[in-house]
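**Student:** let me see the structure of the following:
(chains A and B)
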Amino acid sequence: MNKIISKNNHLLPGAAFLATMLKPVDAAAHLVTTGMGPVYDGIGHLLLTPEDLVPALAVALYAGLRGRAPGRRALFFFPLAWLLGGFVGLTADTMPVFPVSAFSFLLVGVLIAGDLRLPDNAFTGLTVAVGIMHGFFNGIALKAGPGGLGLLGIMSALFVLVAIVSAFVVSLKPPWTRIVVRVAGSWVAAMGLLMIGWFFRSQG
Amino acid sequence: MNLSIPFLVLAVYLVWVPSALAHVEQGQAVGFVTGLEHPWSGLDHVLAMIAVGLWGAQLGNPAIWVLPITFPMVMSLGAMMGLLGIPLPGIEIGIAVSAILLGAMVFGEVKPKLLIAAIMVGFFAIFHGHAHGTELPAGQSGLLYSMGFVIATGVLHGIGILLGLIHRWPAGKLALRGAGAFIAAMGFFFLWQAVS
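**Tutor:** Numbering: from 1, shown residues only, chains lettered A, B, ... in the order given. Predicted coordinates:
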């Protein structure tokens, strides 16, 4: 055995890497809260909720496509609008049945896919509107749980997310990399259309 | 025989465990995986998606990105039709014809105007989308299923584009045309299956 192993030393790092990658980890089923407090619950909520995470990424991608100045505006306006909407949501009672977030998928996705330029004010208005709308739904959802501190967690996660993603997109120079971003936008728009379809199907 | 390979295979087998997916809430994880698998589960979908990428690569800029952007957006319209129960006649025939025509375009290195190529790809995307939209298993998340199949479709286009980049070499051009002929031939097989 030792002889075989010594003969094939070059395979050992690969085998060790493979074994590490395939090692089973805890399933962590029934994850309701992170157990690390309401701020982290809020961060976890954002990261584990595709209805919120995908539009947030999409806004960051679009801000990055538009350049440095819009990216900076989105970096501050978007999380603050989300927080504001969240606090309004904390006071609301009922969640709208219609998946309003589908429109943010569709709208931002189309803007990215078409690489469409908006006037500065319209761009800022878009980020604020999307932020307030998703924040509002988060506020309703988090009312019974982490509440305002959860919203602060979401806001801080959004700030980091928008900073990293939009800065990354701004830094992209080769033309094909912008095309990859636009293709991702078309996927987001497609998901938005499908969300509307799923809603009408569920309504029978 | 080098004995380390069987030992390595044995080690991989021993550490390999299937996903637990215990008590997954409302089938969320399964919905994404099902969506991700759906376009890969049928060779007709796979070949047509790859043909879109191959053709885009052959046509060059801007078709190389216009076609993969057009396809998922129009596909989602087709999926919406499926979700809303709007019938679309001849779905399987439409998918088979998409493989035939897209394969033929690659085989013939046909270079129509961009708008015509986009309309053609978009037209067939409706059939593929309708098939995806009507085939969600019960109890799974619609959004995650949608995300899965949109991403899987995009990945197939990406594979097609990457393979299509061989177009820059003379031998690659020939190989690409051969791939187009193969896809078209398979399309005729799918058509025969659909109508029989």
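
**Student:** what about the lengthiest helix in chain A, near chain B?
**Tutor:** Using DSSP state H to define each element, chain A has its longest helix at helix A:175-202. Yes: on the criterion C-beta under 8 Å from any C-beta of the partner chain, helix A:175-202 is in touch with chain B at A:179, A:182-183, A:185-187, A:189-191, A:193-198, A:200-202. Quick note: C-beta positions are derived from backbone N, CA and C, even for glycine.

**Student:** what subset of those is buried?
**Tutor:** For the residues of helix A:175-202 next to chain B, a burial check counting by 16 or more other C-beta atoms under 10 Å in any protein chain shown picks out A:179, A:182-183, A:185-187, A:189-191, A:193-198, A:201.

**Student:** farthest pair within those?
**Tutor:** A:Ile179 and A:Arg201 (32.7 Å; C-beta to C-beta).

**Student:** A:Leu161: what's it in contact with?
**Tutor:** Contacts for A:Leu161 (C-beta atoms under 8 Å, 6 or more residues apart in numbering or on different chains) come out as A:56-57, A:60.

**Student:** try B:Phe190
**Tutor:** Contacts of B:Phe190 (C-beta under 8 Å, 6+ apart): B:43-44, B:92, B:95-96, B:99.

**Student:** pull up the gap between it and chain A, please.
**Tutor:** 24 Å (C-beta to the nearest C-beta, to the nearest Å).

**Student:** same list, the contacts of A:Leu161, but as CSV with pLDDT please.
**Tutor:** Output for these, formatted as CSV (pLDDT from 0 to 100):
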residue, pLDDT
A:Ala56, 95
A:Leu57, 95
A:Ala60, 95
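
**Student:** in the chain, which helix or strand is least confident?
**Tutor:** Picking chain A for this. Ranking every helix and strand in chain A by mean pLDDT, DSSP states H and E puts helix A:2-7 at the bottom, with a mean of 57.

**Student:** let me know the next secondary structure element after that helix.
**Tutor:** helix A:11-22 (DSSP states H and E).

**Student:** what residues sit buried inside stretch B:121-140?
**Tutor:** For stretch B:121-140, a neighbour-count test (16+ other C-beta under 10 Å) marks B:121-122, B:124-136, B:140 as buried.

**Student:** looking at those, which is nearest A:Thr94?
**Tutor:** Out of the buried residues of stretch B:121-140, the member with the shortest distance to A:Thr94 (by C-beta to C-beta) is B:Gln140, at 26.1 Å.

**Student:** per-residue pLDDT, that closest one?
**Tutor:** What the model reports as pLDDT for B:Gln140 is 66.

**Student:** where does pLDDT dip in chain A?
**Tutor:** Under the criterion pLDDT under 70, the flagged ranges of chain A are A:1-10, A:21-36, A:204.

**Student:** how about the helices in it?
**Tutor:** Under DSSP H, chain A gives helices at A:2-7, A:11-22, A:38-48, A:50-66, A:68-91, A:101-113, A:120-142, A:147-171, A:175-202.

**Student:** please tell me how far B:Ala117 sits from A:Gly153.
**Tutor:** Applying C-beta to C-beta, to the nearest Å, one obtains 47 Å for the distance of B:Ala117 from A:Gly153.

**Student:** I meant to write B:Val121 there.
**Tutor:** B:Val121 is 43 Å from A:Gly153, by C-beta to C-beta.

**Student:** who touches B:Phe107 in this structure?
**Tutor:** Neighbours of B:Phe107 in contact, by C-beta under 8 Å, 6+ apart: B:177-178, B:180-181, B:184.

**Student:** report the secondary structure state of it.
**Tutor:** With DSSP: H, G, I helix; E, B strand; the rest coil as the basis, B:Phe107 sits in helix.

**Student:** just give the number of residues close to the closest residue to it other than its chain neighbours.
**Tutor:** Of all residues not flanking B:Phe107 in the chain, B:Gly180 sits nearest, at 3.4 Å (C-beta to C-beta, 6 or more residues apart in numbering or on different chains). Residues lying near B:Gly180 (other C-beta atoms under 10 Å in any protein chain shown) number 23.

**Student:** for B:Gly180, give me its contacts.
**Tutor:** So B:Gly180 contacts B:51, B:54, B:103-108 (C-beta under 8 Å, 6+ apart).

**Student:** and what about the nearest residue to B:Leu59 once chain neighbours are set aside, helix, strand or coil?
**Tutor:** Closest residue in space to B:Leu59, ignoring its immediate chain neighbours: B:Lys111 at 5.9 Å, by C-beta to C-beta, 6+ apart. Three-state call for B:Lys111 (three-state DSSP): coil.

**Student:** right, and B:Lys111 touches B:His167 too?
**Tutor:** No: the pair B:Lys111 and B:His167 does not pass the contact test of C-beta atoms under 8 Å, sitting 11.9 Å apart.

**Student:** got the buried residues for the helix-or-strand element of chain B with minimal mean pLDDT?
**Tutor:** Least confident helix or strand of chain B, by mean pLDDT, DSSP H and E, is helix B:4-15 with a mean of 75. Applying a neighbour-count criterion of 16+ other C-beta under 10 Å, one finds B:4, B:7-8, B:11 buried in helix B:4-15.

**Student:** skip ahead from it and say which helix or strand is next.
**Tutor:** Taking DSSP H and E, what comes next after helix B:4-15 is helix B:28-41.

**Student:** is that next one positioned near chain A?
**Tutor:** No: using C-beta under 8 Å from any C-beta, helix B:28-41 stays clear of chain A, coming no nearer than 8.6 Å.

**Student:** in the next helix-or-strand element following that helix, what's buried?
**Tutor:** Later in the chain than helix B:28-41, the nearest helix or strand by DSSP H and E is helix B:43-59. Buried residues in helix B:43-59, counting neighbours by 16+ other C-beta under 10 Å, are found at B:44-59.
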